[in-house]
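Undergrad: Structural data only, the sequence is not supplied:
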């Protein structure tokens, strides 16, 4: 295993909702083009294993590096925000702390809305993107799979994510509790990614409305979802007209630039805009218009949550499940670290076996009752267990040879 693939060289550097506003997080939001550019540049930073999460409440880069500063510089080479700004808000973790952090993120324990299960699909998409570009190797693959298995078990065996706990549902909850929303209101949803789709489905499910128009830069996605939910759709070129015709506008895009301009809205009548995008997809100054009510992701998270107390009570159970999966992952990692040494010992034992066979008479060879390969593997397993248990030992090679040459191996 090379130096940068050692656990102490595994890092996460990130910012999230806990210490940054939506406006700061928006400067470090990563879209697929930026992600692709980062992966293209990674080898020049000495990095060949990494993945990035960029969601409405966090941007995190995980990977192996000589120093965490390389990951930060690589990330910020493609962001609107600077290295200095990122470092001013970032949390930096390495080794076991970085590994544990991923388990907590995957479980929804570190989400802006406790138990938010939408993070799972975001993790899968982000890691798959990196895998498609050959930046996911054995360590990352095993780690992410273990974290997702832990999350799945938490979902099925606790009430941490009970009910509808997500950003998309919170947007619907806001309409229900804070507005006079009726099925007569015309809704425009801009952006039909995972978040936009879930928001549409929640609107239809909880309000029974189909007075919704979808707009997406890739029109095929809008058409498909519109047919599925019996909604309307419009091309991106009709955006200004659809904005004027709508009472409520929900945005959930990954556009790096604002989509709704002030000029669209100055004389457009009273409108509620719920912007779930990071960075913000509404032009600065729109919130100054008297006819516009603008709500962003951070404001939504402040809604009173009656189920929060119940979900908090489930946190110890979730942490216990994480501990079990984490222990299994560390055991796998420790065994993997010993592979080069155990491989060398196995090679030595095979050479010893050849020498023994060479010196034996035909009669002695016939008296061997235990298959050599089986005996070698038993010795290797015993040595591996001693290493894992941190038992005192001398030279593993000498110990293995002595055990192999003993008459009986249990």
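TA: Right, received. Where do you want to start? What you see is a predicted model; the values in this text were computed from it and never measured.

Undergrad: going forward, measure contacts between C-alpha atoms and count neighbours the same way
TA: Noted.

Undergrad: how about the nearest residue in space to residue 308 that is not next to it in sequence, what does it touch?
TA: Among residues not flanking residue 308 along the chain, residue 114 sits closest, at 7.5 Å (CA to CA, 6 or more residues apart in numbering). Taking CA atoms under 8 Å, 6 or more residues apart in numbering, we find residue 114 in contact with 108, 160, 161, 165, 308, 311, 312.

Undergrad: What is the burial count for the second one?
TA: When you say that, I think you mean residue 160. When counting by other CA atoms under 10 Å, one arrives at 28 neighbours for residue 160.

Undergrad: Wait, a helix at it?
TA: No. Counting by DSSP: H, G, I helix; E, B strand; the rest coil, one finds residue 160 to be coil, located in no helix.

Undergrad: My guess is it contacts residue 315. True?
TA: Yes. Residue 160 is within contact range of residue 315, at 6.8 Å (criterion: CA atoms under 8 Å).

Undergrad: before we move on, back to that, how far away is the residue nearest to residue 308 from residue 132?
TA: Residue 114 sits 30 Å away from residue 132, going by CA to CA, to the nearest Å.

Undergrad: Pop out the phi and psi values for the residue nearest the centre of the chain.
TA: Per CA atoms, centre = their mean, the C-alpha nearest to the average position across the chain is that of residue 123, at 2.9 Å. As for residue 123, its main-chain torsions (degrees, to the nearest 10) stand at phi -70, psi -50.

Undergrad: show me what contacts it?
TA: 53, 106.

Undergrad: likewise residue 195?
TA: Contacts for residue 195 were tallied using CA under 8 Å, 6+ apart; they are 167, 168, 252.

Undergrad: What of residue 189?
TA: The contact partners of residue 189, taken as CA under 8 Å, 6+ apart, are 196, 200, 212, 213, 214, 215, 249, 250, 251, 252.

Undergrad: just those residues now: which is nearest residue 239?
TA: Nearest to residue 239, judged by CA to CA, of these is residue 215 at 7.5 Å.

Undergrad: could you give the mean pLDDT of stretch 286-298?
TA: When pLDDT is averaged along stretch 286-298, the result is 92.

Undergrad: So what touches that stretch?
TA: With CA under 8 Å, 6+ apart as the test, stretch 286-298 has contacts from 17, 21-22, 56, 167, 261-262, 265-266, 268-277, 280.

Undergrad: which parts of the helix ranked longest in the chain are buried?
TA: In the chain, assigned by DSSP state H, the helix with the most residues is helix 315-337. Buried residues in helix 315-337, counted by 16 or more other CA atoms under 10 Å: 315, 317, 318, 319, 321, 322, 325, 326, 329, 333.

Undergrad: Return the distance of residue 85 relative to residue 21.
TA: 13 Å.

Undergrad: ignore the last one, residue 272
TA: To residue 21, residue 272 is 21 Å away according to CA to CA.

Undergrad: The two: which is more packed in?
TA: Under the neighbour definition other CA under 10 Å, residue 272 and residue 21 were set side by side, and residue 272 has more, 18 against 13.

Undergrad: quick check, distance from whichever strand or helix holds that one to the centre of its chain.
TA: Using DSSP states H and E, residue 272 maps to strand 271-275. Distance of strand 271-275 from the chain centroid (CA atoms, centre = their mean, to the nearest Å) equals 28 Å.
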